[in-house]
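> Take a look and give me a structure for this.
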Amino acid sequence: MRLKAMLVDDELPILNNLKAVLPWDDMGIEVIALARNGQEAFDYYKEKQPDLILCDIRMPIMDGITFLTEIRKLSTECEVLMLTGYQEFEYARIALQNGVRDYILKPINYDVLETTVRKVSEDIRARKMKSIHTGERWRVMAQMAHEKILYNMLLGFSSEQTLYMHVDEDKPIEKFQYTIFLADTDHYAQLSLQWSEVDRKRWNSDVRQVLQTALVAENFLCSVLQLREGEWCILVRHESDEHEQVEGRAGVWLNSLQQSVREQIELPVSVAVYPSQIVVADLATSYKKLQFILLQASSSMVPELLDESADAHDRSQSLWNTIDDIVSGLRKLDQSIMHKALTGLKRIYLEESQRKQVSMDKFLHYLLIHLLREMREMNIVTSNEEEQIWKKLNHSISEKDVMEVIIQLVDAALTKAFCKKSSQKLMLSAKDYIHKRLARDIGVEELAGHLGISSSYFSLLFKSHFGETFVEYVTRQRMELAQSLLLTSDKTVTEIGVVTGYSERRYFTKVFQKYVRMTPSEFREINQAVRQ
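Numbering: from 1, shown residues only. From the prediction side, this is the model:
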């Protein structure tokens with residue numbers, strides 16, 4: 001990292017020696033300006049923003065102390081080495097008060113000066129790298145927060161707090177629009193049955209990377225979210241006033257995704273795009289519609305229902321809604337939802353069978369595969385059980401037999417899940433785990449792994465039990481603890497931030513201010529004044 005230096009002295013020989021004698025290139029420093037007085041140096045400073053300044057004190061027009069005072073009004077980042085033949089204490093005191101890094105006496109010992117410049121330049125680089133890393137951490141944290149909100153919204157978790165969260169450049173998430181794609185592996189449940197867990201994770205990770213980099217050339221922020229194995233949502237974010245830029249590009253992006261998939265992924269993956277831009281509140285609905293689009297497109301799975309009549313469309317949509325209700329009830333381990341949904345499926349099955357115009361076979365096969373994928377995510381079906389079901393499906397069995405397999409599978413899954421761990425016990429364990437680790441950076445994946453369930457199932461269960469998402473709950477607990485500590489302890493704001501899980505004071509203050517509508521210091525001062 002090359003630094004910029006400015007040399008300031010009214011004596012031209014000294015100025016030339018400073019530039020010529022010190023090995024600036026070797027030190028990774030470029031001398032960008034030479035100035036003969038403080039006013040000239042101040043003008044250069046505003047224009048060129050040097051990292052390091054070597055400056056004399058006694059100069060005409062504007063002396064070094066005045067120059068130093070003026071630049072400190074603009075910034076405290078630049079390091080200054082003062083050069084002078086005067087040793088009066090007052091000069092040193094004023095210079096040090098204004099952030100002078102060192103005080104070099106004339107006549108200059110250039111070996112000592114070089115050593116000092118090297119040390120200061122190393123410190124400047126270290127500070128800059130820390131600033132870059134901090135900025136990168138902020139960017140990553142903002143991206144993670146944004147993707148967590150999108151993940152919850154895709155699963156149907158929504159709240160007023162979520163919709164008004166600021167995740168980037170202090171803009172509420174409702175100000176953005178999204179183009180949403182869905183990529184799904186054809187026959188994933190059957191294809192992945194023989195893979196080991198390591199193989200499945202590696203393959204899913206590789207596909208996600210392909211999809212992530214497919215749109216890397218775009219200027220918009222792209223997020224690839226995996227809600228279940230073998231399926232990925234690709235979200236391209238843009239602001240509402242960028243409609244003209246986005247319009248017509250969705251098709252280009254779709255082609256790019258499909259081409260990347262064809263060239264780099266050996267297994268068949270289908271990609272669909274939602275036909276219009278959407279806001280964050282519509283993510284869940286759009287995601288379900290894309291699932292239905294891929295269902296329709298996959299090997300003409302339901303050709304009999306996909307004619308152009310309104311009646312056929314309504315029946316198709318009703319059957320899809322029933323599938324969605326069954327999966328939703330299974331995820332939540334809600335027996336009442338499951339009973340109602342299965343009753344609806346039986347009713348539709350009987351109606352379609354009586355019409356004798358439509359075969360339910362492909363829809364029932366799809367539902368069975370859909371359920372197997374969800375049950376794998378919830379860790380409530382074993383590989384042997386899956387294999388036995390696939391053996392049945394590989395034989396020519398009737399629609400009635402498939403219906404019976406579905407009902408038996410759901411009953412067995414619910415019984416096993418409730419016997420394994422009730423949702424109440426799971427959430428009590430989750431609550432205890434969170435409260436013991438508020439000072440740590442904990443995430444959904446870590447907690448879900450601790451409980452022995454998938455991340456998507458954990459998120460659904462957590463929202464249903466606590467009425468808020470994992471991030472909202474943890475943030476609320478941390479902010480309530482922070483408020484208590486501010487009122488009852490003598491800990492500094494930085495220390496309280498660390499105790500409540502925020503190692504960066506700036507980030508802690510930002511989160512606290514958004515939650516409480518004032519900074520931690522203001523909160524403490526106001527409440528102390530009230531108590532007095």
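> Hmm, Trp24 is touching Leu52, no?
No - checked against CB atoms under 8 Å, the pair Trp24 and Leu52 is beyond contact range at 10.2 Å. Any C-beta I mention is one placed from the backbone N, CA and C, and that applies to glycine too.
> Quickly list what's touching both of those two.
Ala5 (CB atoms under 8 Å, 6 or more residues apart in numbering).
> just the helices in the stretch 1-150 of the chain please.
With DSSP state H, counting those that start in this stretch, the ranges of helices along the stretch 1-150 of the chain come out as 12-21, 38-48, 64-74, 89-97, 110-154.
> Arg237 is nearest to which of these?
Distance to Arg237, taken as CB to CB, is lowest for helix 110-154 among the helices of the stretch 1-150 of the chain, at 7.9 Å.
> pLDDT below threshold where in the stretch 101-250 of the chain?
131-143, 145, 157-172, 189-190, 217-219, 240-245, 247 (pLDDT under 70).
> can you pull out the strands in it?
102-105, 166-168, 171-172, 176-185, 221-228, 231-239 (DSSP state E, counting those that start in this stretch).
> Please work out which of those strands is packed deepest.
Of the strands of the stretch 101-250 of the chain, the one with the most neighbours on average (mean count of other CB atoms under 10 Å) is strand 176-185, at a mean of 23.
> What is that one packed up against?
helix 197-214, strand 231-239, helix 243-246, helix 250-264, strand 269-273, helix 283-297 (3 or more CB pairs under 8 Å, 6 or more residues apart in numbering; DSSP states H and E).
> outside of stretch 507-522, which residues touch it?
138, 141, 166, 475-476, 478-479, 482-483, 486, 493-494, 496-497, 500, 502, 523, 526.
> and what of stretch 115-135?
Outside stretch 115-135, the residues touching it (CB under 8 Å, 6+ apart) are 1, 3, 22, 27-29, 51-52, 54, 79, 81, 101-102, 104, 504.
> Likewise for stretch 336-344?
Contacts of stretch 336-344 (CB under 8 Å, 6+ apart): 322, 325-326, 328-330, 406-407, 410, 414.
> three-state assignment of Tyr502?
Under DSSP: H, G, I helix; E, B strand; the rest coil, the three-state class of Tyr502 is coil.
> Next, count neighbours for it.
Tyr502 has 21 neighbours, counted by other CB atoms under 10 Å.
> As CSV, the helices and strands packed on strand 176-185 with distance to Leu7 would be great.
Formatted as CSV, these follow (distance: least, CB to CB, whole Å):
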stretch, distance to Leu7
helix 197-214, 46
strand 231-239, 46
helix 243-246, 47
helix 250-264, 52
strand 269-273, 59
helix 283-297, 57
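> Which among the ones you listed is found nearest to Ser383?
Ser383 sits nearest to helix 197-214 of all the helices and strands packed on strand 176-185, at 9.7 Å, using CB to CB.
> any idea of the angle the closest one forms with strand 231-239?
30 degrees (axes from the mean of the first three to the mean of the last three CA atoms, to 10 degrees).
> Restricted to helices, list the contacts of stretch 507-522.
Judged by DSSP state H, the subset of the contacts of stretch 507-522 located in helices is 138, 141, 475-476, 478-479, 482-483, 486, 493-494, 496-497, 523, 526.
> Drop anything exposed from these.
475, 478-479, 482-483, 486, 493, 496-497, 523 (16 or more other CB atoms under 10 Å).
> ok, which pair from those is furthest apart?
That would be Thr475 and Val493, which, of these, are the farthest apart (CB to CB) at 17.2 Å.
> Buried subset of the contacts of stretch 115-135 as a ChimeraX selection?
Those of those that count as buried under 16+ other CB under 10 Å are selected in ChimeraX with:
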select :3,22,27,29,51,52,54,79,81,101,102,104
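> Okay, now the unreliable bits of the stretch 401-532 of the chain?
By pLDDT under 70, the weakly predicted segments of the stretch 401-532 of the chain are 414, 416-422, 529-532.
> now the helices for it?
Using DSSP H, counting those that start in this stretch, helices in the stretch 401-532 of the chain cover 423-435, 444-451, 455-466, 470-488, 493-499, 505-516, 520-531.
> among these, which is nearest Ile65?
Here helix 505-516 is closest among these (CB to CB), at 32.1 Å.
> in that closest one, what counts as buried?
Across helix 505-516, burial judged by 16+ other CB under 10 Å covers 505, 508-512, 515-516.
> next one: stretch 12-32
Under 16+ other CB under 10 Å, the buried positions of stretch 12-32 are 14-15, 18, 22, 24, 27, 29, 31-32.
> Which residue ranges make up the domains of the protein?
According to automatic domain parsing, the chain comprises the domains 3-131, 155-299, 304-420, 425-531.
> would you list these in a markdown table and tack on distance to Ile149?
Shown next, in a markdown table, are these (distance: least, CB to CB, whole Å):
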| stretch | distance to Ile149 |
| --- | --- |
| domain 3-131 | 27 |
| domain 155-299 | 6 |
| domain 304-420 | 20 |
| domain 425-531 | 8 |
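> among those, which is nearest Lys148?
Checking these against Lys148 by CB to CB gives domain 425-531 as the closest, at 5.4 Å.
> next one: that closest one to chain centre, how far?
18 Å (CA atoms, centre = their mean, to the nearest Å).
> where does the stretch 251-400 of the chain dip in pLDDT?
For the stretch 251-400 of the chain, residues meeting the criterion pLDDT under 70 lie at 295-317, 319, 331-333, 352-363, 366, 377-379, 393-397.
> What segments of it are helices?
For the stretch 251-400 of the chain, the helices defined by DSSP H, counting those that start in this stretch occupy 283-297, 310-332, 335-355, 361-377, 383-394, 399-420.
> For those, give me TSV that also has mean neighbour count.
Formatted as TSV, those follow (neighbours: other CB atoms under 10 Å):
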stretch	mean neighbour count
helix 283-297	18
helix 310-332	17
helix 335-355	15
helix 361-377	20
helix 383-394	13
helix 399-420	16
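> can you pull the buried residues of stretch 102-115?
Applying 16+ other CB under 10 Å to stretch 102-115 flags 102, 104, 108, 113-114 as buried.
> so which of the residues you listed comes closest to Met375?
Closest to Met375, out of all of the buried residues of stretch 102-115 and judged by CB to CB, is Asp102, at 68.5 Å.
> Measure how buried Asp441 is and give me the count.
Neighbour number of Asp441 under other CB under 10 Å is 10.
> measure it to Thr500 for me?
From Asp441 over to Thr500 the distance is 11 Å, taken as CB to CB, to the nearest Å.
> Common neighbours of those two, please.
Counting by CB under 8 Å, 6+ apart, nothing touches both Asp441 and Thr500.
> show me what contacts Glu30?
Contacts of Glu30 (CB under 8 Å, 6+ apart): 2-5, 24.
> what about it, distance to Leu81?
Note on Glu30: its distance to Leu81, by CB to CB, is 17 Å.
> Dump the contacts of Glu30 into a markdown table; add pLDDT and distance to Ile65 as well.
Formatted as a markdown table, the contacts of Glu30 follow (pLDDT from 0 to 100; distance: CB to CB, whole Å):
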| residue | pLDDT | distance to Ile65 |
| --- | --- | --- |
| Arg2 | 86 | 29 |
| Leu3 | 91 | 24 |
| Lys4 | 91 | 23 |
| Ala5 | 93 | 20 |
| Trp24 | 91 | 26 |
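> Which of these fall within strands?
Judged by DSSP state E, the contacts of Glu30 include 3-5 as members of strands.
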